[in-house]
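[1] structure for the following, please:
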Amino acid sequence: MSGVTALDSAPPQRDSLWPLLRQFRREWWVVGLFSFVANLMMLAPSLYMLQVFDRVMVSQNGLTLLLSTLILVYFLLLMGLSEWFRSRLLVRLGVRLDQRLSPTLFAATFDQQLRQPRPNPAQPFSDLTTLRQFLTGNGVLALFDAPWLPIYLAVLFLLHPTLGWIGVAFATLLALVALLSHRVTSQPLRQVLQRGVDLDSEQQGALRNAETIEALGMLPALQQRWWQRYRQQQIAQEGVDQRSRRLAALSKFLRFSQQSLSLGAGGWLVIHGELTAGAMIAGNILMTRALQPIDLLVNTWRALAGARSAASRLSQLLAASHRPPSAGSEPPPQGDDSSPLTTKNCTLQLQQVSVTAPNRQQPILHHLDLTLHAGTITLLIGPSGSGKSTLARTLLGLWSPQQGRITIAGVSPADWSAAQRHAGIGYLPQDVELLEGSVAENIARFGEVDAVQVIAAAEQAGVHQLILRFAQGYDTPIGGRNGVPLSAGQRQRIALARALYGDPPLLILDEPNASLDEAGEQALLQALQQLRARQRTVLVISHRRNLMAVADRLLQLDAGQIAADRSLPLPSTPTASPPKDL
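    Take a look at the predicted model:
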């Protein structure tokens, strides 16, 4: 099966995002180097003002003015190139970070949906976009420019101590505004962002169930409920915006006051002969540049808070995941006899197995002892909530038992590779979803399409003729927005062919006849008898007892325990002869 390949070979660590960011140390150092050059060149305008007002205006020398101007243009060109290179490098760094993290994030999100489904599974990718945009924006540039503040202040002290102290005073005031902005808006902003995520999840849930909502007349009540929550979110958002605007206005007042007061103080020093006119202008330019990163941090504080929240959620997600980023990229096994899942002896055995669902204290399955032999069809029945689907998830390896041991063909599932498990088990879920792609791709599980095996699986599921009636046959697009719409029964029969693809020795079918008509049910019964003749191990979960006609054994679960277990008489005449092996 094809998989996503990261840009770099080493997979990112999972304890947090920071080890991953430290893997780009060289890029950060280069950005720091360009920041050093850009900030150093920013001293050029101040020096130019000193030359113009203190030398050129006195000497009236045009050649000095020309040479000084050319030198200034050269330094400003270096500054512009440095700014351009570091911005470009940050954009490339953001792309590389996205490429490195996306496969791992996809696997971690997938793992989370298996363990604890979320209403908005795409949220981690929105968080990744938020983090990447901050790392490539002005906020991170301000962090690189901020260390130059004491250097600029030191130059101001060299010009005159009064200018230096004025710069220290305004830097302190702007830093206090930044700190106040953090204390006042940080927590409310996190709450607003979380409410936005929850509101988006609610909207997506309503849109996914549009037909049911319209048919049952639920739209007015849901719309009213959504509007109330939306207004609450907007009011909270407005409160945060008002606080941010007030602090931004205060920062702007301080910035313009600094420009005017520094000029006024410089003029006072010039009048008393303690400073030259060129030093006055140069000091004003230098002080404005020194305080610019702090002012930029105040204005980009919301982006910084959003990036921190996104990084925190991503770190928690990656830390909780145990799925390797390369999962699904290894090729499926060829089905040789070295595989623990062989077609000759695929006996399934459970010994004192107890299973608890995520976020639940009490176990759903209690000390189950069960053996299913190859070439048998076991029908599992029981009331809703008895643990049937939990047993299926456990056998598929989606949930791990808290107690007991499971073996298939004498081997624990923990000793299989992922490819062996995927190729050796066929699964038909209760809620069938076909993914966007062709019919053949869905049946082939989106691996390399083997036309012979695809057709064999479709014929065994009794859906081959139905597929041929489609306009494009096996190449007909299904699933997604552009796919051909299918009925529930058609989806279920194609999903059965998907479960049968590759001739797996173990099959778990959850309510396989829930949406089938009479013809589909007959095709299912015929497929089950063929599986028995081929010595496959089949577990069928159903509420319908008509499948007892082809089952060897009837199991009844009740409250997570086996309430009944009895053998069933086989039909005297098979409904169909088994097909040849693939």
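[2] check contacts around the closest residue to S386 other than its chain neighbours.
    Using C-beta to C-beta, 6 or more residues apart in numbering and skipping residues adjacent in sequence, the residue nearest S386 is L557, 4.3 Å away. Just so you know, the C-beta spots here come from the backbone N, C-alpha and C atoms, and that holds for glycine as well. By C-beta atoms under 8 Å, 6 or more residues apart in numbering, L557 lies in contact with 380-382, 386-388, 391, 563.
[3] strands - which of those residues land there?
    380-381, 563 (DSSP state E).
[4] most neighbours, which of those?
    Neighbour tally across the ones in strands among the contacts of L557 (other C-beta atoms under 10 Å): the maximum, 25 neighbours, falls on L380.
[5] tell me how far it lies from R100.
    Applying C-beta to C-beta, to the nearest Å, the value for L380 to R100 is 44 Å.
[6] again, but for L531
    Taking C-beta to C-beta, one finds L531 at 44 Å from R100.
[7] more neighbours, those two?
    Using other C-beta under 10 Å as the criterion, L531 and R100 rank with L531 on top: 25 against 20.
[8] neighbours of R245, how many?
    Neighbours of R245 using other C-beta under 10 Å come to 10.
[9] helix or strand for it, which one?
    helix 219-271 (DSSP states H and E).
[10] same for the helix or strand following that helix, what does it pack against?
    Using DSSP H and E, the helix or strand that follows helix 219-271 towards the C-terminus is helix 277-299. Helix 277-299 is packed against helix 43-51, helix 138-145, helix 149-159, helix 161-208, helix 219-271, with contacts defined by 3 or more C-beta pairs under 8 Å, 6 or more residues apart in numbering; DSSP states H and E.
[11] compare these and give me the one nearest V454.
    Among the helices and strands packed on helix 277-299, helix 161-208 comes nearest to V454, with 29.8 Å by C-beta to C-beta.
[12] any idea of the mean pLDDT for the closest one?
    Taken as a whole, helix 161-208 has a mean pLDDT of 78.
[13] can you confirm N482 is in a strand?
    No. Counting by DSSP: H, G, I helix; E, B strand; the rest coil, one finds N482 to be coil, located in no strand.
[14] what helix or strand is F134 on?
    Per DSSP H and E: F134 is located in helix 123-135.
[15] for that helix, packing partners?
    In terms of contacts (3+ C-beta pairs under 8 Å, 6+ apart), helix 123-135 is packed against helix 62-115, helix 161-208, helix 301-320.
[16] list the buried residues for the shortest one?
    Read it as helix 301-320. 301-311, 313-315, 317-318 (16 or more other C-beta atoms under 10 Å).
[17] which other helices and strands contact that helix?
    Applying 3+ C-beta pairs under 8 Å, 6+ apart, one finds that helix 301-320 contacts helix 62-115, helix 123-135, helix 138-145, helix 161-208, helix 219-271.
[18] now do the longest one against helix 43-51, angle only.
    Counting by axes from the mean of the first three to the mean of the last three C-alpha atoms, to 10 degrees, helix 62-115 lies at 160 degrees to helix 43-51.
[19] now helix 62-115: how far from the chain's centre is it?
    24 Å (C-alpha atoms, centre = their mean, to the nearest Å).
[20] compute the inter-axis angle for that helix and helix 301-320.
    Using the same axes, to 10 degrees: helix 62-115 against helix 301-320 is 40 degrees.
[21] swap in the last one?
    Helix 219-271 and helix 301-320 meet at an angle of 120 degrees, taking the same axes, to 10 degrees as the criterion.
[22] pull the distance from helix 219-271 to the chain's centre.
    32 Å.
[23] low-confidence ranges in the stretch 51-200 of the chain?
    114-121 (pLDDT under 70).
[24] try 90
    51-69, 71-72, 75-76, 79-80, 82-161, 163-164, 166-168, 170-200 (pLDDT under 90).
[25] put together CSV for the helices and strands packed on helix 301-320, with distance to A44 on each row.
    Shown next, in CSV, are the helices and strands packed on helix 301-320 (distance: least, C-beta to C-beta, whole Å):
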stretch, distance to A44
helix 62-115, 4
helix 123-135, 29
helix 138-145, 16
helix 161-208, 18
helix 219-271, 19
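[26] just so I know, which of those helices lies nearest Q403?
    helix 62-115 (18.6 Å).
[27] which of the helices and strands packed on helix 301-320 sits closest to L365?
    helix 62-115 (17.0 Å).
[28] W29: neighbour count?
    9.
[29] that one and T136, how far apart?
    17 Å.
[30] try D431
    Taking C-beta to C-beta, one finds D431 at 40 Å from T136.
[31] closest one to G447 among the helices and strands packed on helix 301-320?
    helix 62-115 (16.8 Å).
[32] please name every helix or strand in contact with the closest one.
    Checking 3+ C-beta pairs under 8 Å, 6+ apart, helix 62-115 ends up next to helix 18-22, helix 25-41, helix 43-51, helix 123-135, helix 138-145, helix 301-320.
[33] which other helices and strands contact the fifth one?
    Packing partners of helix 138-145 (3+ C-beta pairs under 8 Å, 6+ apart): helix 25-41, helix 62-115, helix 277-299, helix 301-320.
[34] quick one: buried residues of it?
    Of all the residues in helix 138-145, those buried under the rule 16+ other C-beta under 10 Å are 139-142, 144-145.
[35] relative orientation of that helix and helix 149-159 in degrees?
    50 degrees.
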